[in-house]
Structures are given as C-alpha cells and as structure tokens.
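**Q** Okay, structure incoming, though there's no sequence with it:
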C-alpha cells in the first residue's frame, strides 16, 4: 500500500517500516532456503481499480476453486490483456468465479496457466500456451511452487520490455535498465517485436526461463519463441549499457 501522491521518500519509508515490523517475514527469510525467487512489480492499473485487491503479484485463487487443487501461481504484468473479459467469461462458464473485488486483467494470467495444467501439461508448456492466448502488448513474469527455483518471463509487442541482468550469483529481470544497473553491467533483452516463422506460420514473442539449478550466466537461461521453437543464447546476446 502506497500513497499515489506524497512527499519524496514517503513510500520507501512506509515500505521499510512494514518490512521491519513483519515478524512472519523475518521467520521465513531467516530459515535456510533451497531456492530464492522474488517477484514484485509496481504498476499503475490500466485495467481495473487501483486497489489492494488488484496489487501485483496476482495469484490463482478463485472464489469457488476445487478443494485440493495443487499449486500457487504468482504473476506480474506490464501492458494489457486486451481479451481479458472474453477469457474471464469463458473461465466463469467453466465454473470458476473470480472474486468481485479483483478487477485487474492480470488475474487471468495465472488462471489461464492453471487451465492448461489441469489438461496435463507441465508448467513450462502451460505457461507458453497461456501467453499465446493473450491479445495485446504485454510483459509477464511468473513463478510457482510447482517449479521451485524458476522464473518464467514472456514478452510480446513493443509497448513494454523485459531485461535480465546477469550478475555473479543471481539474475535480476526488470522492466527498465536502471532496475539492475547497480547489480550488474551485463544483461539480455527479450525480443518481443520480431515476427519469425513458427511451427504453424508467423509468430511473435519470446519466452525466457531462469533456473536456479544452473551454474549461472547464460547457461541458466532457456529461451524460445511463443511457438515453442528453442532459441540459442550466446555471448552475442549479452549487452552492456552505453556509458
């Protein structure tokens, strides 16, 4: 929760105070971790009200979800899902109902991924199929306890960007260069604009998966087109900001 308009530094002071006073968070981060992924985003809502219920990351919970359904999925969105209402109506016809307070188009992302998981696809393929369902320009980040240690990124169109800062001991995906510049000078940029030949015709968009099980560097990144065609990442893909 942050002020829309306030004195310089107000929001940071408030957030630091919340973190300092959160006993449950302190217990969680104080324990040994096998994997450590964080997904956070500040977005001025273009679809849906600016409310706490619409804050990112958005999860896959619904009002009447079936008991025992596996997996917690968290997603962040920059851009717009232009066919959000159409996909929401299809979801609700299938029996799943979104809480009335949640009006952000981001909500459909984890639910669409869940739709493909229930069909038997693994997490990576479910994510790929879901992002292909979305119309409009978008940049998406997702992580889930069904694939611990991984971050799934997707970008299509020219209105947004995803950069992946590659540091010695971690990756830092951001929407702007200044998000990672204090951590590392090396990065790759997802190409969401180029139209390439896919398995069933022309396709646009790129998916990158970050994996903590890797040794780091480019070896920990796997890339593909929205059609699923693998993309080789080499030193030629590494960029450095102009000084």
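**A** Ah, there it is. Bear in mind that the values here come from a model prediction, so they are computed numbers and not experimental data.
**Q** my read: residue 228 touches residue 128, true?
**A** Yes - with contact defined as C-beta atoms under 8 Å, residue 228 counts as touching residue 128 (6.0 Å). Using the backbone N, CA and C atoms, a C-beta is placed for each residue, glycine as well.
**Q** Between these two, point out the one with more neighbours.
**A** Using other C-beta atoms under 10 Å, the more surrounded residue of residue 228 and residue 128 is residue 128, with 23 against 15.
**Q** Could you double-check that the more buried one lies in contact with residue 223?
**A** No - Residue 128 is not in contact with residue 223 according to C-beta under 8 Å; the separation is 11.7 Å.
**Q** Return every residue with contacts to both of these two.
**A** residue 207 (C-beta atoms under 8 Å, 6 or more residues apart in numbering).
**Q** Helices of this structure, start to end?
**A** 10-20, 23-29, 84-93, 108-118, 123-132 (DSSP state H).
**Q** how far does the last one sit from the chain's center?
**A** Relative to its chain's centre, helix 123-132 lies at 12 Å (C-alpha atoms, centre = their mean, to the nearest Å).
**Q** If we go by neighbour counts, what in it is buried?
**A** Within helix 123-132, the residues that qualify as buried are 123, 124, 126, 127, 128, 129, 130, 131, 132, counting by 16 or more other C-beta atoms under 10 Å.
**Q** cool, and the fourth one?
**A** Taking 16+ other C-beta under 10 Å as the neighbour-count basis, helix 108-118 is seen to contain the buried residues 108, 109, 110, 111, 112, 113, 114, 115, 116, 117.
**Q** want to throw the residues you listed into a markdown table with distance to residue 42?
**A** As requested, these are arranged in a markdown table below (distance: C-beta to C-beta, whole Å):
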| residue | distance to residue 42 |
| --- | --- |
| 108 | 20 |
| 109 | 17 |
| 110 | 19 |
| 111 | 22 |
| 112 | 23 |
| 113 | 22 |
| 114 | 25 |
| 115 | 28 |
| 116 | 28 |
| 117 | 28 |
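**Q** Out of the residues you listed, which is nearest to residue 60?
**A** Taking C-beta to C-beta as the measure, residue 60 lies nearest residue 110 of those, at 3.7 Å.
**Q** Hmm, residue 76 and the closest one touching each other?
**A** No - between residue 110 and residue 76 there is no contact under C-beta under 8 Å: 10.4 Å.
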